[in-house]
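> Model the following, please.
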Amino acid sequence: MAGYILALDQGTTSSRAILYDDHARPIKMVQQPTTLQTPKAGFVEQDAQQIWQTQISCAHDVINQAGLLATDVTSIAITNQRESIVMWDKQTGKPLAPAIIWQDRRTASYCKTLAAENAGGGAHSGNTNEDDDMAHEVQRITGLRLDPYFSASKIAWLLENDPKLSVRAHKGEVAVGTIDSWLIYKLTGGEHVIDVTNASRTLLYDIHKLAWSEKLCTRFAIPMNILPKVLPSDGDFGKTKKGLFAKQIPIQAVLGDQQAALFGQGCLDAGMAKNTYGTGCFMLMNIGQQPKLSEHKLLTTIAWQRKTTTLRPDNLSFDQIVQSGKRMLQPPKKEVTYALEGSVFMAGAIVQWLRDNLGMIQQSGEVENLARQVNSSEDVVLLPAFTGLGAPYWRSDISASITGMSRGTTKAHIARAALEAVAYQTYDVLIAMQKDSPHPLTELRVDGGAANNDLLMQFQADLLDVPVLRPRDTEITAKGAALLAGLKTGLYDEATMQSSWQVDRVFEPSMSADEREQHLYKWQRAIARSLMQM
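As a prediction, this is how the structure comes out:
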């Protein structure tokens, strides 16, 4: 079966479109930058129309540059920056406010106040049981933390700060959604839907009941009629409206970016994990079909939900089924896979700091050669808490530090300590994941820019004492969404899925247990020292 999948990858700083052939190989990619605005401290916004215009422009350009026609495209797959929201007019489709981006912190005090309240409805309800407070209730229902990072408080802020908008919302004249929802609305000319992985990042979705939580919508004062309909990740999201392309193309797969990377890395079995080494690190571990709430300050999220249609177990032939009058197919199941997620705030950003603030290197890629000038960081530890520490500490009050320096310390020692800090933070998150998950980690699949640093990857394998696997194709996010669409349409099969993931290099652990313990002791001592000072 010939055909192409058009993957739309809408990220925080750019929109991209990538075409994949019938073997899941990328054949062409087009990218356009998008602009972030920071009108006030803590505010991070984007122009929703720019998001749409850059994305549709990339889609048209990639088809033209590949020398193809829209009729060659089998289906569209979407992957997107998560938690960011757009609010628009249901009739005209025009945005009613700037898109509020996941990095936005304007609702920090609002979330802090809400976290202290009793889940039963107010700070003065008299019940002081910690398990009944709002933060615990949010985690119980959504698997997430009560934090400005997620969508709910952003939506609540828009409604609270624009009374006219609030009135219109309650009348049902307003639509809201994450970036996937906004793009689908514009592509189809009116479908108001959302994929389940993006819904699970809003702080409004019950990951157990697989439905919007009426209780949480009430607490955030968000009318449920403005929320999109939730569909499985390989659901039928509608077709592109007439005139947008030469034919109406179905949208058949949608995944939030980190879930798409997990799928693209082939982490389909419980216990498999991936780490994306970008500005920060996003680690996800597949934990199977039962949601387990983290006891170690991680997030529980929906990895994907697939509609599966399976043959009956008696494996009758087609003729036998016709003769017996039995149904050939079982009713479609909507199988949900869950994941644990941990985020590290500073990874590649540490190297950027060495480059831009300290002037130790001219290009980020030079950090590995500088670090290799010494065999060890000796006693030097860089604690990269430039914006506090993320999972599993969640301490915004800790500041960055470099400790253990002597007269003999050089910039090479600091560069090596910087790379080690990325691996240490990853170790902390994955150890927390292993405590939460009954499935032992047997390997870690990696992607992102810093995954190309051999020194870092080897140290990571040594710390974790499991192999670190780096694939040849590092454009994992768009590929994950494309693979899901291809599986849905029949363009790809499970063999395509397996062959599309090819290893570039395996980093096998080679450090002795004693040496590993010495490294970890050094890191944990630096963390403890910082915690004691606060």
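> Which strand residues bridge residue 254?
Judged by DSSP bridges, the bridge partners of residue 254 are residue 78.
> That one contacts residue 78, doesn't it?
Yes: the criterion here is CB atoms under 8 Å, and residue 254 meets it with residue 78 at 4.6 Å. (C-beta placed from N, C-alpha, C; glycine too.)
> Overlap of the contact sets of these two?
180, 184, 195, 237, 481 (CB atoms under 8 Å, 6 or more residues apart in numbering).
> Spatially, which two of those residues are the most separated?
184 and 481 (13.0 Å; CB to CB).
> In terms of neighbours, single out the busier of these two.
Using other CB atoms under 10 Å as the criterion, residue 184 and residue 481 rank with residue 481 on top: 34 against 25.
> need the contact list for that one.
Residue 481 neighbours (CB under 8 Å, 6+ apart): 7, 9, 77-79, 253-255, 260, 263-264.
> wait, residue 187 sits on residue 251?
Yes: using CB under 8 Å, residue 187 is in contact with residue 251, at 6.4 Å.
> low-scoring stretches of the stretch 401-534 of the chain, by residue?
Low-confidence segments of the stretch 401-534 of the chain, defined by pLDDT under 70: 533-534.
> In CSV, could you pull the C-alpha coordinates for the helix or strand where residue 487 lies?
Element membership for residue 487, per DSSP states H and E: helix 476-489. What follows is helix 476-489, C-alpha atoms only, in CSV (Å, rounded to 0.1, in the frame of the first residue of the first chain):
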residue,chain,number,x,y,z
ILE,A,476,11.3,11.0,17.4
THR,A,477,8.3,13.3,18.3
ALA,A,478,6.9,13.7,14.8
LYS,A,479,7.7,10.1,13.9
GLY,A,480,5.7,8.8,16.9
ALA,A,481,2.5,10.6,15.7
ALA,A,482,3.2,9.5,12.1
LEU,A,483,3.6,5.8,13.2
LEU,A,484,0.3,5.9,15.0
ALA,A,485,-1.5,7.4,12.0
GLY,A,486,0.1,4.8,9.7
LEU,A,487,-1.0,1.9,12.0
LYS,A,488,-4.5,3.3,12.1
THR,A,489,-4.8,3.6,8.3
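> Can I get the helix or strand just after it in CSV? Just the C-alpha atoms.
For helix 476-489, the following helix or strand on the C-terminal side (DSSP H and E) is helix 494-500. The C-alpha trace of helix 494-500 is given here as CSV (Å, rounded to 0.1, in the frame of the first residue of the first chain):
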residue,chain,number,x,y,z
GLU,A,494,3.9,-3.8,13.5
ALA,A,495,6.9,-4.8,11.4
THR,A,496,7.2,-1.2,10.1
MET,A,497,7.0,0.0,13.7
GLN,A,498,9.9,-2.3,14.7
SER,A,499,12.1,-1.6,11.6
SER,A,500,11.6,2.2,11.8
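> what residue ranges in the stretch 1-150 of the chain score low on pLDDT?
Along the stretch 1-150 of the chain, segments meeting pLDDT under 70 span 1, 118-132.
> Would you state the strands of it in chain order?
4-10, 14-20, 26-33, 45-46, 73-80, 85-89, 99-100 (DSSP state E, counting those that start in this stretch).
> follow-up on the earlier one: quick one, the helix holding residue 487 and strand 4-10 angle?
Put simply, helix 476-489 runs at 140 degrees to strand 4-10, going by axes from the mean of the first three to the mean of the last three CA atoms, to 10 degrees.
> I'd like the strands of the stretch 1-150 of the chain as a markdown table, with distance to residue 284 appended.
Converted to a markdown table, the strands of the stretch 1-150 of the chain look like this (distance: least, CB to CB, whole Å):
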| stretch | distance to residue 284 |
| --- | --- |
| strand 4-10 | 17 |
| strand 14-20 | 21 |
| strand 26-33 | 22 |
| strand 45-46 | 25 |
| strand 73-80 | 14 |
| strand 85-89 | 22 |
| strand 99-100 | 24 |
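> Dump these to TSV, plus mean neighbour count and distance to residue 353.
Converted to TSV, the strands of the stretch 1-150 of the chain look like this (neighbours: other CB atoms under 10 Å; distance: least, CB to CB, whole Å):
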stretch	mean neighbour count	distance to residue 353
strand 4-10	27	27
strand 14-20	24	22
strand 26-33	16	23
strand 45-46	20	25
strand 73-80	27	28
strand 85-89	22	30
strand 99-100	26	27
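> nearest to residue 293, of the ones you listed?
strand 85-89 (24.7 Å).
> And the closest one, what does it pack against?
Packing partners of strand 85-89 (3 or more CB pairs under 8 Å, 6 or more residues apart in numbering; DSSP states H and E): helix 48-65, strand 99-100, helix 152-161, strand 174-178, helix 179-188.
> Just tell me which of those ends up closest to residue 231.
The nearest among the helices and strands packed on strand 85-89, by CB to CB, is helix 179-188 at 9.5 Å.
> immediately after the closest one, which helix or strand?
strand 193-195.
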